[in-house]
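> Provided below are the primary sequence and the corresponding predicted coordinates.
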Amino acid sequence: MSVVRIEDAADPRLADYVSLTDVALRRRLEPAGGLYVAESEKVIRRALEAGHRPRSYLMAERWLSDLADVVADAQRDRVPVYVGEHEVIERLTGFHLHRGALAAMHRPPLPPLGQVLADARRVLVLEDVVDHTNVGAVFRSAAALGMDAVLVTPRCADPLYRRSVRVSMGTVFQVPWTRVDPWPGGVEALRGLGFHVAALALSPDAVTLDALAGDPPERLALVLGTEGDGLSPRTVAAVDTVVRIPMAGGVDSLNVAAAGAVAAWALRVTDVPGRPGPT
């Protein structure tokens with residue numbers, strides 16, 4: 001299939017890309033039909049490297065050369081490549097495409113919990129984190145700091161939402177993840193797989209992060225709570241350990257993404273090649 005030039009933002013072939021503004025997407029599943037949208041050359045390439053299948057591409061003219069190999073593969077596989085002027089694309093999507101290209105990608109099926117955690121030693125669990133920027137930032141930290149997997153609870157924001165993918169710089173495709181359901185019943189499932197489950201929360205009986213890092217369990221799942229209310233009391237009651245990050249300056253807590261990064265660094269495994277080592 002050849003490159004398809006578009007001039008009309010109402011072209012029905014472009015339905016996957018219509019109104020991709022955050023406000024519009026909060027009102028509907030993004031997007032329907034088992035798809036997600038990858039934005040920017042780097043993110044698209046990481047999705048393809050992870051084995052995800054494109055349904056179509058949408059890009060401005062200049063990106064035909066930057067993504068020449070991707071376009072060639074698309075033509076070989078008969079995947080449409082839609083090309084248009086920036087003004088047409090902006091009317092279609094609802095935002096300025098300053099990162100060059102979009103791809104509508106088929107969602108891969110979520111793997112079972114046991115498969116994701118088979119060889120894992122360090123896992124982050126996101127409980128009801130609803131801000132897509134925070135979800136993406138946690139994945140980026142997880143990739144950079146050697147976490148083996150990320151689990152998300154049923155009410156957590158979608159890691160494959162466009163903003164989450166973009167903020168993560170595509171690392172949502174390289175860090176194994178799945179949903180853990182039910183929750184907090186999943187705490188027992190994690191324990192059954194050999195994990196010590198710790199919750200990052202403010203609690204009178206919480207141990208410090210330094211104390212946990214000084215004598216870490218072999219397999220650890222660390223639960224991070226939602227932005228406003230933190231972890232649910234049921235979760236805090238169910239875990240093995242409650243842990244806190246010591247604070248100064250009159251601050252009682254960090255943003256969930258920042259807290260996750262601090263904890264991931266402190267609890268990282270340092271005896272595996274390719275992981276961040278001791279300083």
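Sure thing, it's come through. As the structure is a computational prediction, the values presented were derived from the model and not from experiment.
> Next SSE downstream of the lowest-mean-pLDDT helix or strand in the chain?
Sorting the helices and strands of the chain by mean pLDDT, DSSP states H and E puts helix 22-25 at the bottom, at a mean of 46. Going down the chain from helix 22-25, the next helix or strand is strand 35-39, by DSSP states H and E.
> and that next one, which strands flank it?
Paired strands of strand 35-39, with direction, are strand 101-106 (antiparallel) (DSSP bridges).
> Can you give me the buried ones in the partner strand?
Residues of strand 101-106 classed as buried by neighbour count (16 or more other Cβ atoms under 10 Å): 101-105. Using the backbone N, CA and C atoms, a C-beta is placed for each residue, glycine as well.
> before we move on, what about stretch 35-45?
35-41, 43-45.
> List just the nearest of the residues you listed to Val116.
In terms of Cβ to Cβ, no member of the buried residues of stretch 35-45 lies closer to Val116 than Tyr36, at 18.5 Å.
> I'd like to know how far the closest one sits from Asp158.
Per Cβ to Cβ, to the nearest Å, Tyr36 is found 8 Å from Asp158.
> cool, and Glu127?
15 Å.
> what about those two, which has more around it?
Using other Cβ atoms under 10 Å, the more surrounded residue of Glu127 and Asp158 is Glu127, with 24 against 19.
> wait, what's in contact with that one?
Residues counted as contacts of Glu127 (Cβ atoms under 8 Å, 6 or more residues apart in numbering) are 153, 156, 183-184, 223-226, 231-232, 235.
> In helices only, show me those.
Judged by DSSP state H, helices contain the following of the contacts of Glu127: Thr235.
> Could you list the low-pLDDT ranges of the stretch 101-250 of the chain?
227-228 (pLDDT under 70).
> Do a quick rundown of the strands in it.
In the stretch 101-250 of the chain, the strands defined using DSSP state E, counting those that start in this stretch lie at 101-106, 122-126, 149-152, 177-179, 196-200, 207-208, 220-224, 241-244.
> Now distance to Val4 too, for those strands, in CSV please.
Output for those, formatted as CSV (distance: least, Cβ to Cβ, whole Å):
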stretch, distance to Val4
strand 101-106, 14
strand 122-126, 38
strand 149-152, 36
strand 177-179, 33
strand 196-200, 48
strand 207-208, 58
strand 220-224, 43
strand 241-244, 53
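> Ala264 is nearest to which of those?
Nearest to Ala264, of the strands of the stretch 101-250 of the chain and by Cβ to Cβ, is strand 122-126 at 6.7 Å.
> Touching that closest one from outside, list them.
Identification of contacts with strand 122-126 by Cβ under 8 Å, 6+ apart yields 117, 135, 138, 142, 146-153, 156, 180, 186, 190, 195, 197, 219-224, 256, 260, 264, 267-269.
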